[in-house]
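Asker: Below: sequence and its predicted model.
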Amino acid sequence: KINIANPTKNDNTISYGSIVSANPTGYQITKNYFPAVAQNFRQRYVILHYTALNTDKSVMVLTQQAVSAHYLVNDMDDKEVYQLVDENKRAYHAGVSQWRSDSQLNDTSIGIEIVNPGYSTDSAGAKVFPPYPDYQVKKIAALVKDLVTRYNIQPTNILGHSDIAPTRKQDPGPQFPWKKLYDE
């Protein structure tokens with residue numbers, strides 16, 4: 001018999017994200033007495049992208065087409081970051097992807113799209129990548145820090161789209177300030 005007066009607790013008693021639960025008519029779902037030890041977070045990676053579009057077009061594409069991301073970091077010097085997909089749900093940002101022995105990283109990652117034009121081509125045909133403004137990097141750093149803390153994501157699992165799909169993608173590009181992100 002289960003002793004409700006002295007419930008068993010473990011490290012999974014506290015939730016670091018939202019909990020999606022059933023809501024059966026006439027019954028209560030109890031979450032705080034017996035959390036299973038055999039669980040972990042679905043979120044193992046953070047994948048960074050650039051949109052190659054302005055903010056308005058980025059919002060339209062990421063909310064009305066067959067691609068999505070959990071978050072969109074705009075290019076304005078403000079305090080807003082847009083959440084587009086619940087963290088407990090799969091967003092479609094990584095596509096065919098692999099990191100180490102893991103593949104299909106949409107299943108195990110949080111996608112962050114960053115409003116940035118990507119690249120242009122100079123008169124010689126070389127790609128020119130614009131820098132990321134400091135205020136935008138600060139937003140990205142605060143968001144990533146929150147995700148890493150809540151989901152215990154290792155720093156080596158904060159990746160660019162180019163890391164997980166190197167033959168298809170180059171974002172967030174060579175101008176992305178990885179060291180500054182790490183420092184902040």
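Answerer: Here it is on my side, so go on. Keep in mind it's a predicted model, so treat the numbers as computed, not measured. Numbers count the residues shown, from 1 in each chain.
Asker: Now the lengthiest helix in the chain: average pLDDT?
Answerer: In the chain, assigned by DSSP state H, the helix with the most residues is helix 134-151. Confidence over helix 134-151, taken as the mean pLDDT, stands at 95.
Asker: For it, C-alpha coordinates in CSV please.
Answerer: Only the C-alpha atoms of helix 134-151 are listed here, as CSV (Å, rounded to 0.1, in the frame of the first residue of the first chain):
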residue,chain,number,x,y,z
ASP,A,134,25.9,43.5,-29.0
TYR,A,135,22.3,44.1,-27.8
GLN,A,136,21.2,41.0,-29.8
VAL,A,137,24.0,38.8,-28.5
LYS,A,138,23.0,39.8,-24.9
LYS,A,139,19.4,38.7,-25.6
ILE,A,140,20.7,35.4,-27.1
ALA,A,141,23.0,34.9,-24.1
ALA,A,142,20.3,35.5,-21.6
LEU,A,143,17.9,33.1,-23.4
VAL,A,144,20.6,30.3,-23.8
LYS,A,145,21.6,30.7,-20.1
ASP,A,146,18.1,30.2,-19.0
LEU,A,147,17.6,27.1,-21.2
VAL,A,148,21.0,25.6,-20.2
THR,A,149,20.2,26.1,-16.5
ARG,A,150,16.7,24.7,-16.6
TYR,A,151,17.5,21.7,-18.8
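Asker: who touches the helix or strand just after it?
Answerer: Per DSSP states H and E, the first helix or strand lying C-terminal to helix 134-151 is strand 158-160. Defining contact as Cβ atoms under 8 Å, 6 or more residues apart in numbering, one finds that strand 158-160 is touched by Y45, V46, I47, L48, H49, W99, V144, V148, D171, P172, F176, L181. For every residue, glycine as well, the C-beta is placed using N, CA and C.
Asker: The third one pairs with what?
Answerer: To tie it back to what came earlier, the one meant is I47. Taking DSSP bridges as the rule, I47 bridges to G111, L159.
Asker: And stretch 98-111, what's buried?
Answerer: W99, L105, N106, T108, S109, I110, G111 (16 or more other Cβ atoms under 10 Å).
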